[in-house]
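Engineer: I would like the atomic coordinates for the input below:
(chains A and B)
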Amino acid sequence: MPEEEKISYYLKKSKTIKNNFEKKIRISILSSFTLNGIEEIFQVKCDEKKVSCNTCLGAYNQYNQEILDPKSQLYQFQPNITFLILDTRSILEDLWYFPYSIDEKQRQNFVEKKFKEIENLITIFLKNSNSKLIISNFFIPTNSNYGIFETKSNFGLQKMINTLNNNLQDYIHNLDSVYLFDMNGFISKHGENNIFDSKQFLFGDIKISLDFIPHLVNDLMGYVIATLGISKRCIVLDLDNTLWGGIIGEDEFDGIKLGSDPSGKAFVEFQKYLLGLHNRGILLAINSKNNFDDAIKVIEEHPDMILKKEHFASIKINWNDKVSNIKEISDELNFGLENFVFFDDDPLNREFMKSSLPQVLTVDLPADPSKYVRTIQEMNEFNLLKITDEDKQRGVMYSQQRDRKTLEKSSNNLEDFLKNMDLKVTIKKADNFTIPRISQLILKTNQFNLTTKRYSLEDIQKMSQNDNMLIGCAQVEDKFGDNGITAAFIVEKNGTKEWILDTFLLSCRVMGRQIEKSILGYIIKIAKQNNVDKISANFIPTKKNQPIKNFLPDCGFKKEKDFWSISLNDSFMAPNFIKIEEK
Amino acid sequence: MSEKLYGIIAKVMDISIDEINDNSSPETIPSWDSFNSYILLDELESEFKTEFTIDEVTETKNVSDIKKHLKAHGIDLND
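Structural biologist: Residues are numbered from 1 along each chain as shown, chains lettered A, B, ... in the order given. Below you'll find the model as predicted:
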């Protein structure tokens, strides 16, 4: 179990929080039992992530009233995210003690009734609030009056809870703003006998013992991080004693620990976990002080090396300092340092990274490599609300990106390079398939983003129903492969007089190829078909969106007061080397 | 060792260690509410590596009661 502070630490620390960060979140918690202290823990953990957090804890066991009454404190608080944490005891009432006091059919009816009650709560909540709702599933008790016969009984106690959990999971599957927190998994992970403290329960109806509330919040923070779009995207790894045991420069190819013996297997386990993350879209990179030839030989030729060259979006094996290297990786991959996690076994390297680049998340790797996997498993920074096809393809796309860079270096000028890329842009309308990705882009894109307006999935769904809004995205392909959906736009149509670019953005992956002009060309074409006079746009500068600064003037927009406009009587030339299609 | 006990109480109740004496109780320390008393119990058990019985907890009315129970658990505060 990774270290956690005592609850008193959080209560004290929460009093010193200033809450003046740019990113903000409003968290509301409803529960069927005592969860005092949870607000303060959220506040401290948000503060550690540089997020200002306001919390609201519903009155003890008042979750029904809070959800059913449209004027309740819950709705007045206007949360962005709401946790509904229920426990098995409360839901089962007397059946917790005497499940077999009623017959099988009655037990089935009971589960059906409880499911309907929760379903009803969810429906009413969604009607009254735009907040995300995270509802916990139910812990499956291991004690039973039936003892060893429990698992043989018909629709017994454990089956009841299992059924309720499965029904809930099926029900929320298609509800975009509702998520199920695996409380049963949480309690299994830490152990029922640790989580439940009988004295705390008897004195204060505390059903998750005080020492474990910080762990619970740690898991729940995964939803907060994903909702805010501040998840990490890339893991930068050291090699010696991080991906394998020993030092390649001293121990040599046959002397390093990788595979075979128990300590070598620890590194294989760690690599396998990293590969799993890579396969779902977390990028991997290497930052190692070594002779390139020695280290790359291990990666290319060692029989127990799980991670191969193609799994790394960037490889820096040299004698430069690690801070310069990570900055280069950030430039190369085209996203900011706040997206990076740094793994290094050497505390000195970690200290250097932490003090030079605090925006990088430097992980305190335990001294014992057998604990590496647990350390990364406990991290809540890789969570996303949706894992899209683009995410799963990301690792492959970035290794194609390395090939593109090679072509760019060998081309004499940018135009030749772009002409040789066989670029193709496919415009797609906002629909059930594209909205999750559009929302992801809108929440995450910082650099080539005209207005940096953030909209949730639900916001975009609502907007897409509105005839006054033109919402779309673009898939970008080239001769090296498919970049996936990497651009999005929202146009507010005001009749035929003036259309406004509310949102216009491009993923950093496809910047510098004039894709933006191609997409603007498409919007202009549609506007002309609708006899619109002009298109206007507002450029909202941020610390990060310098790359889009000249986009409007470059495309012929003229500044009128605060707005930029382009008259549709003027001709606009979209780049001719980009093929554009509409789907 | 009283120092250690007072330190834990001061930390949990978020007050200065000088404000604590044997007669300190929920009546004399405003922040000593029921929730903080659960936290105190939890931290005393972790710090002194012991477990109090439910009767001991129920009977505890002030700091001197805590000392008495700690002593019964073989933890001598030496004063």
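Engineer: touching stretch A:243-255 from outside, list them.
Structural biologist: Stretch A:243-255 is contacted from outside by A:237, A:239-241, A:256-258, A:263-264, A:266-267, A:270-271, A:290-291, A:294-295, A:297-298, A:301-302, A:305, A:307, A:369, using Cβ atoms under 8 Å, 6 or more residues apart in numbering or on different chains. Every C-beta, even on glycine, is put in place using the N, C-alpha and C of the backbone.
Engineer: for it, give the mean pLDDT please.
Structural biologist: Taken as a whole, stretch A:243-255 has a mean pLDDT of 91.
Engineer: how about stretch A:473-491?
Structural biologist: 90.
Engineer: span of that stretch from start to end?
Structural biologist: Using Cα to Cα, to the nearest Å, one end of stretch A:473-491 lies 11 Å from the other.
Engineer: starting at the chain centroid, how far to that stretch?
Structural biologist: 20 Å (Cα atoms, centre = their mean, to the nearest Å).
Engineer: give me the buried positions along it.
Structural biologist: Neighbour-count burial for stretch A:473-491, counted by 16 or more other Cβ atoms under 10 Å in any protein chain shown, picks out A:473-478, A:480, A:482-491.
Engineer: repeat for stretch A:537-556
Structural biologist: Neighbour-count burial for stretch A:537-556 flags A:537, A:539, A:544, A:545, A:547, A:548, A:551, A:552, A:555 (criterion: 16+ other Cβ under 10 Å).
Engineer: can you check the pLDDT for the second one?
Structural biologist: Pointing back at residue A:539 there. At residue A:539, pLDDT is 92.
Engineer: I figured it hits residue A:448, correct?
Structural biologist: No. The pair residue A:539 / residue A:448 is not scored as a contact, 11.8 Å apart, by Cβ atoms under 8 Å.
Engineer: please identify every residue contacting each of the two.
Structural biologist: A:548, A:551.
Engineer: does the longest helix seen in chain A pack against any helices or strands, and if so which?
Structural biologist: Secondary structure assigned by DSSP state H gives helix A:104-128 as the longest helix of chain A. Applying 3 or more Cβ pairs under 8 Å, 6 or more residues apart in numbering or on different chains; DSSP states H and E, one finds that helix A:104-128 contacts helix A:63-68, strand A:81-85, strand A:132-136, helix A:157-172.
Engineer: relative to residue A:219, which of the buried residues of stretch A:537-556 is nearest.
Structural biologist: residue A:544 (29.8 Å; Cβ to Cβ).
Engineer: show me what contacts the closest one?
Structural biologist: If you count contacts by Cβ under 8 Å, 6+ apart, residue A:544 has them with A:336, A:446, A:447.
Engineer: adding pLDDT, secondary structure and distance to residue A:60, write those residues out as TSV.
Structural biologist: Converted to TSV, these look like this (pLDDT from 0 to 100; DSSP: H, G, I helix; E, B strand; the rest coil; distance: Cβ to Cβ, whole Å):
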residue	pLDDT	secondary structure	distance to residue A:60
A:336	91	coil	43
A:446	87	coil	41
A:447	87	coil	46
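Engineer: what comes up buried for the helix or strand residue A:409 falls within?
Structural biologist: For residue A:409, the element it lies in under DSSP states H and E is helix A:389-410. Of the residues in helix A:389-410, A:390, A:391, A:393, A:394, A:395, A:397, A:398, A:399, A:400, A:401, A:402, A:404 count as buried by neighbour count, 16+ other Cβ under 10 Å.
Engineer: distance between the ends of stretch A:559-575?
Structural biologist: End-to-end distance for stretch A:559-575: 23 Å, by Cα to Cα.
Engineer: any idea of the mean pLDDT in that stretch?
Structural biologist: Averaged over stretch A:559-575, pLDDT sits at 86.
Engineer: how far off centre is that stretch?
Structural biologist: How far stretch A:559-575 lies from its chain's middle: 36 Å, per Cα atoms, centre = their mean.
Engineer: list the buried residues of it.
Structural biologist: The neighbour-count check on stretch A:559-575 (16+ other Cβ under 10 Å) flags A:564, A:565, A:566, A:568, A:572, A:574, A:575 as buried.
Engineer: and the residue positioned nearest the centre of chain A, which of the three is it?
Structural biologist: Centroid check for chain A by Cα atoms, centre = their mean gives residue A:384 as the closest residue, at 2.6 Å. Using DSSP: H, G, I helix; E, B strand; the rest coil, the three-state assignment for residue A:384 comes out as coil.
Engineer: what does it show for phi and psi?
Structural biologist: Dihedral pair for residue A:384: phi -130, psi 150, per degrees, to the nearest 10.
Engineer: identify the residues contacting it.
Structural biologist: A:226, A:231, A:281, A:391, A:440.
Engineer: and the last one, how many neighbours does it have?
Structural biologist: What that stands for is residue A:440. Around residue A:440 there are 22 other residues, counting by other Cβ atoms under 10 Å in any protein chain shown.
Engineer: how about the second one?
Structural biologist: By other Cβ under 10 Å, 19 other residues sit near residue A:231.
Engineer: output the contacts of residue A:384 as CSV; include the columns distance to residue A:25.
Structural biologist: Formatted as CSV, the contacts of residue A:384 follow (distance: Cβ to Cβ, whole Å):
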residue, distance to residue A:25
A:226, 11
A:231, 14
A:281, 23
A:391, 23
A:440, 18
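Engineer: if we check chain B, which of these are in contact?
Structural biologist: Residues of those in contact with chain B (Cβ under 8 Å from any Cβ of the partner chain): none.
Engineer: tell me the least confident of the residues you listed?
Structural biologist: The member of the contacts of residue A:384 with the lowest pLDDT is residue A:391, at 80.
Engineer: so how far is chain B from that residue?
Structural biologist: According to Cβ to the nearest Cβ, to the nearest Å, residue A:391 and chain B sit 41 Å apart.
Engineer: please tell me how far that residue sits from residue A:174.
Structural biologist: 20 Å (Cβ to Cβ, to the nearest Å).
Engineer: now swap in residue B:14 and tell me
Structural biologist: With Cβ to Cβ as the criterion, residue B:14 and residue A:174 are 46 Å apart.
Engineer: these two: which is more packed in?
Structural biologist: Legend: neighbour count by other Cβ under 10 Å for residue B:14 and residue A:174, higher for residue B:14 (13 against 8).
Engineer: now that one: phi and psi?
Structural biologist: phi 50, psi 50.
Engineer: need the pLDDT of it.
Structural biologist: pLDDT, residue B:14: 92.
Engineer: ok, now residue B:79?
Structural biologist: 55.
Engineer: same thing with residue A:411?
Structural biologist: 69.
Engineer: now for residue 62, how many residues are close by?
Structural biologist: I went with chain A, as the question did not name one. 16.
Engineer: correction: the question concerned chain B.
Structural biologist: Residue B:62 has 18 neighbouring residues, counting by other Cβ under 10 Å.
Engineer: ok, it touching residue B:29?
Structural biologist: No. Counting by Cβ under 8 Å, residue B:62 stays clear of residue B:29, with 9.8 Å between them.
Engineer: what strand or helix carries residue A:41?
Structural biologist: Going by DSSP H and E, residue A:41 is part of helix A:38-48.
Engineer: show me what the next helix or strand along the chain from that helix is packed against.
Structural biologist: Counting by DSSP H and E, the element after helix A:38-48 in chain order, helix or strand, is strand A:51-57. Applying 3+ Cβ pairs under 8 Å, 6+ apart, we find strand A:51-57 packed against strand A:23-31, helix A:38-48, helix A:73-77.
Engineer: noted, bye for now.
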